[in-house]
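>>> sharing a model prediction with you, sequence too.
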Amino acid sequence: MLYTKFISAASFAALFFSAFCHAAETSYPLQDTPLSGGAGSVDQHDQNAYSLPQGNMPMTRRLDFSVGNSFFRNPWVVAPSSTDARDGLGPLFNTNSCQGCHLKDGRGHAPASVDAPSVSLFLRLSIPADPERDADFLREHGVVPDPVYGGQLQTAAIPGMKPEADLIVEWKAVTQTLGDGTEVVMRKPIYRIENPNYGEMSEDLLTSPRVAPPMIGLGLLQAIPEDVLLAAADPEDENGDGISGRANQVWDRVAEKTVLGRFGWKAGQPNVLQQSMDAFAGDMGLTSSVALSTDCTPQQQCERFPNGGLPEVSDKVAGFIEFYSMSLAVPTRRDMDDPQMQRGAELFNQIGCAACHTPSYTTGQHERADLSEQVIWPYTDLLLHDMGPGMADGRDEFLADGTEWRTPPLWGLGLTKTVNPSAGFLHDGRAETVEHAILWHDGEARAAADEYRLLPVNEREALLRFLNSL
């Protein structure tokens, strides 16, 4: 819903006073150190800001990081190949390398026009589930994939194989009017699937657009104690603050049990290893011991083509990739002495942003000393929140429903476009600026977004300056 209503000065004062009182009841810390990622934070603020190893990583592990980096960055190829450690791509895929989506370990982007290829944005697919018939399958997979096109639309293929279809993204302009009359023109995506090559799409097909998120700090997020995250969940909103974060519960294939979901846009993955290997299977068509099959369905007959071994990603290579993905350092904060930035930090807490974007945690004991007992500032609760109809995908994933998304971490936010100038914000990259991302917030975040709309311009600029200092 577009916000176009103007309010009186008295109403503005009442709303601001309400936000201030709420902040007084719920105290959130103000970051007092530039070390957002604890002792492993790095002073890197250029296009390589997301690509450095943890600053406190022992030198003896730097080689493992470099090897994992090579498997993350370099393209995988069609089997058979003399490059047998990197063959087996496809037959259906979206990209041929992790770096193809996570540009310089940062965010991906949506295509800018109808004619532009969609590389780092893809569509998840599923069909409505029968809770009784599909109960066992849902417990382990979270969704029921399309019987022909699987769980992800793959827009590329190896020679001799046809891609599944073309993903077309069109943009519609939408305007929001702020409390002082400022008009903000944003873009809303409209998705179409064209030229399906394996028959008609299911009439009841459910789709969910996803853009690649940044890779920094994943190991630190995995090291946050589970009980700390669960303690913040309030699914019935018992405290009456309008925020009802829920924990997703997902299947851990290695542990063979249901555990807390932490990763992915709907917190549908339990850990970095499974998240990574599912990306290899879905995005590149590569099997591993954690993901024994790719997204090919029997109707597509992918077995006609040579594979790169069983599995194609060996446990040793998977270990290097996991280590690399868990080791990318968080850049330090900038401009913390700037008065405008400091005022923005106060506003972030006062208007309610911190209710979901929890500022700080201390990691628990971990087998890696560089991830253990670190005071970190990720600005997330890793919980699911109803974000309203404007961002809803209408597609469930484990316990997440069609309006819920996991709170994304904000650390490193201000360097997003330094790393990838084309990057967009939110789950599908629709937001071209941080302000646009704020204005898309609805549902549980509606009150905080409305408070932002009502701020005078200098206060809005202060809040944005704070966010861009992260």
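In hand now; what should we look at? Small disclaimer: the values here were computed from a predicted structure and weren't measured. Numbering: from 1, shown residues only.

>>> hey, let's count contacts and neighbours off CA atoms from now on
OK.

>>> the residue lying closest to D237 once chain neighbours are set aside: neighbouring residues, count only.
Spatial nearest neighbour of D237, excluding adjacent residues (CA to CA, 6 or more residues apart in numbering): S244 at 4.8 Å. For S244, the count of nearby residues is 22 (other CA atoms under 10 Å).

>>> change the start of the numbering to 456 and stick with it
All set: I'll call the first residue 456, so the last point we hit is now S699.

>>> what about the strands in this structure?
547-548, 576-581, 611-612, 621-632, 638-649, 661-666, 704-707, 712-715, 816-817, 830-831, 839-841, 859-861 (DSSP state E).

>>> make JSON lines out of these and add mean neighbour count, distance to V683 and mean pLDDT.
Formatted as JSON lines, the strands of the chain follow (neighbours: other CA atoms under 10 Å; distance: least, CA to CA, whole Å; pLDDT from 0 to 100):
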{"stretch": "strand 547-548", "mean neighbour count": "26", "distance to V683": "38", "mean pLDDT": "98"}
{"stretch": "strand 576-581", "mean neighbour count": "21", "distance to V683": "30", "mean pLDDT": "97"}
{"stretch": "strand 611-612", "mean neighbour count": "21", "distance to V683": "42", "mean pLDDT": "98"}
{"stretch": "strand 621-632", "mean neighbour count": "16", "distance to V683": "37", "mean pLDDT": "96"}
{"stretch": "strand 638-649", "mean neighbour count": "14", "distance to V683": "36", "mean pLDDT": "97"}
{"stretch": "strand 661-666", "mean neighbour count": "21", "distance to V683": "28", "mean pLDDT": "98"}
{"stretch": "strand 704-707", "mean neighbour count": "22", "distance to V683": "15", "mean pLDDT": "98"}
{"stretch": "strand 712-715", "mean neighbour count": "16", "distance to V683": "12", "mean pLDDT": "98"}
{"stretch": "strand 816-817", "mean neighbour count": "20", "distance to V683": "9", "mean pLDDT": "98"}
{"stretch": "strand 830-831", "mean neighbour count": "22", "distance to V683": "14", "mean pLDDT": "98"}
{"stretch": "strand 839-841", "mean neighbour count": "26", "distance to V683": "15", "mean pLDDT": "98"}
{"stretch": "strand 859-861", "mean neighbour count": "28", "distance to V683": "16", "mean pLDDT": "98"}
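
>>> tell me the pLDDT of the residue nearest to D692.
Note for S699: predicted pLDDT of 92.

>>> measure A565 to R541 for me?
As defined by CA to CA, to the nearest Å, A565 lies at a distance of 27 Å from R541.

>>> er, T550 I mean
Applying CA to CA to T550 and R541 gives a distance of 14 Å.

>>> dump the residue contacts of the residue nearest to D692.
S699 makes contact with 688-692, 840, 899 under the criterion CA atoms under 8 Å, 6 or more residues apart in numbering.

>>> tell me the one of these nearest N650?
H840 (34.8 Å; CA to CA).

>>> who's in contact with that closest one?
698-701, 858-862, 899.

>>> reformat the contacts of S699 as CSV; add distance to V640.
Formatted as CSV, the contacts of S699 follow (distance: CA to CA, whole Å):
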residue, distance to V640
A688, 34
D689, 34
P690, 34
E691, 35
D692, 33
H840, 25
E899, 23
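
>>> how close does the residue nearest to D692 sit to L802?
21 Å.

>>> mind putting the contacts of H840 into CSV with distance to A722?
Below are the contacts of H840 laid out as CSV (distance: CA to CA, whole Å):
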residue, distance to A722
I698, 17
S699, 15
G700, 12
R701, 10
T858, 13
E859, 10
W860, 8
R861, 6
T862, 9
E899, 17
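
>>> mind picking the two most distant members of the residues you listed?
Checking the contacts of H840 with CA to CA, the most distant pair is I698 and T858, at 14.0 Å.

>>> which stretch among the strands of the chain comes nearest L925?
L925 lies closest to strand 830-831 among the strands of the chain, at 12.2 Å (CA to CA).

>>> how far is that closest one from where the chain is centred?
On the basis of CA atoms, centre = their mean, to the nearest Å, strand 830-831 sits 20 Å off its chain's mean C-alpha point.

>>> who does that strand touch, helix- and strand-wise?
For strand 830-831, the elements it packs on are strand 816-817, judged by 3 or more CA pairs under 8 Å, 6 or more residues apart in numbering; DSSP states H and E.

>>> run me through the strand neighbours of the strand it packs on, direction for each.
Next to strand 816-817 in the sheet, as set by DSSP bridges, lie strand 830-831 (antiparallel).

>>> give me the contacts around the strand it pairs with.
Identification of contacts with strand 830-831 by CA under 8 Å, 6+ apart yields 490-493, 675, 815-818.

>>> ok, those vs S506, which is closest?
For the contacts of strand 830-831, the nearest to S506 is G492 (13.8 Å; CA to CA).

>>> what's around the closest one, how many residues?
As a burial measure, G492 scores 28 neighbours (other CA under 10 Å).

>>> let me see the contact set for it.
672, 675, 784-787, 829-833.

>>> at 10 Å instead, please
Neighbouring residues of G492 by CA atoms under 10 Å, 6 or more residues apart in numbering: 509-510, 671-672, 675-676, 784-788, 815, 826, 829-833, 866-867.

>>> likewise for T871?
So T871 contacts 502, 504-505, 561-563, 669, 877-880, 889, 923 (CA under 10 Å, 6+ apart).

>>> where's it relative to P489, distance?
For T871, the distance to P489 - CA to CA - is 17 Å.

>>> run through the residues that contact T637.
Neighbours of T637 in contact, by CA under 10 Å, 6+ apart: 631, 908, 912.

>>> neighbours around the closest residue in space to G634 that isn't next to it in sequence, how many?
Among residues not flanking G634 along the chain, L909 sits closest, at 4.7 Å (CA to CA, 6+ apart). L909: 20 surrounding residues under other CA under 10 Å.

>>> what do you get for A824?
Using other CA under 10 Å, A824 has 12 other residues around it.

>>> these two touch, right, it and Q509?
No: counting by CA atoms under 10 Å, A824 stays clear of Q509, with 11.1 Å between them.

>>> where along the stretch 606-755 of the chain do the helices fall?
Along the stretch 606-755 of the chain, counting by DSSP state H, counting those that start in this stretch, helices occupy 673-677, 681-686, 727-739.

>>> want to throw these into JSON lines with distance to Q754?
Shown next, in JSON lines, are these (distance: least, CA to CA, whole Å):
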{"stretch": "helix 673-677", "distance to Q754": "36"}
{"stretch": "helix 681-686", "distance to Q754": "41"}
{"stretch": "helix 727-739", "distance to Q754": "17"}
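
>>> let me have these in CSV, extended by mean neighbour count, distance to P794 and mean pLDDT.
Output for the helices of the stretch 606-755 of the chain, formatted as CSV (neighbours: other CA under 10 Å; distance: least, CA to CA, whole Å; pLDDT from 0 to 100):
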stretch, mean neighbour count, distance to P794, mean pLDDT
helix 673-677, 24, 30, 98
helix 681-686, 14, 32, 98
helix 727-739, 23, 38, 98
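
>>> who wins for proximity to E619 among these?
Here helix 727-739 is closest among these (CA to CA), at 12.8 Å.
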